[in-house]
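> sequence and predicted structure below; questions after.
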Amino acid sequence: MEQIDSAPNVPEMPRGRFPGRLDDKARLKVPTAFAQFFNSLPERKLFLTSLDRITASLYPIAEWRVNEKFFDNYHADPDAAALILFNAQDLGGDVEMDSQNRITVHPDLRRELKLENTELHLIPVKGHVDILTDEQYQEMRRKSAASTTDALRSMKTAGLR
């Protein structure tokens, strides 16, 4: 059996989907599993933004810095990089969790992405958390249901266990 390496005491992003909702003061209560993960990091600062103007993304600041370096060094399509970075800066901002594990979602982001008055779904993806509205989440569920069989067969052929 192949052994999986794991470094001791290195925080891991939680797995799975977690529910959320903005309160009347535009604060998102960060689910406990994510709050524990973020609180275990050396820096408490987070970056909340959207790269595509559709889905919100919550990055630990160290993870966002990796993206900033990527933008600096991405030369294959400088115009694309400039557009995506513009989205991130236009809709983004630094946030920190308060003592009750809430973050305030700034007005431009919550209005453009229609995050108010809807159920939200928090899903970990590559070191950050994507925040989907219920409409986005249900669309992804429909797409998944329609094409899972072929996708899973392909992935298993490639080595998925």
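On my side now, so go ahead.
> contacts and neighbour counts: CA atoms only from here.
Fine.
> hmm, who's touching the helix or strand bottoming out on mean pLDDT in the chain?
Least confident helix or strand of the chain, by mean pLDDT, DSSP states H and E, is helix 134-157 with a mean of 93. Identification of contacts with helix 134-157 by CA atoms under 8 Å, 6 or more residues apart in numbering yields T118, E119, L120, H121.
> one more time with 10 Å
Residues from elsewhere that reach helix 134-157 (CA atoms under 10 Å, 6 or more residues apart in numbering): 19-20, 54-55, 114-115, 118-123, 131-133, 158, 160-161.
> now do stretch 34-46
Contacts of stretch 34-46 (CA under 10 Å, 6+ apart): 9-15, 18, 29-30, 32, 58-64, 93-97, 100-103, 122, 124, 128-129.
> would you mind measuring the gap between the ends of stretch 36-56?
20 Å (CA to CA, to the nearest Å).
> pLDDT weak spots in the chain?
For the chain, the stretches flagged by pLDDT under 70 are 1-8, 10.
> show me where it has its strands.
Taking DSSP state E to define them, one finds strands in the chain at 18-20, 27-29, 46-49, 56-60, 93-95, 102-104, 120-125, 128-133.
> need those strands in JSON lines (columns: distance to D150 and mean neighbour count).
What follows is the strands of the chain, written out as JSON lines (distance: least, CA to CA, whole Å; neighbours: other CA atoms under 10 Å):
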{"stretch": "strand 18-20", "distance to D150": "27", "mean neighbour count": "17"}
{"stretch": "strand 27-29", "distance to D150": "36", "mean neighbour count": "19"}
{"stretch": "strand 46-49", "distance to D150": "33", "mean neighbour count": "24"}
{"stretch": "strand 56-60", "distance to D150": "29", "mean neighbour count": "24"}
{"stretch": "strand 93-95", "distance to D150": "39", "mean neighbour count": "17"}
{"stretch": "strand 102-104", "distance to D150": "39", "mean neighbour count": "19"}
{"stretch": "strand 120-125", "distance to D150": "22", "mean neighbour count": "19"}
{"stretch": "strand 128-133", "distance to D150": "25", "mean neighbour count": "23"}
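> alright, that wraps it up for me.
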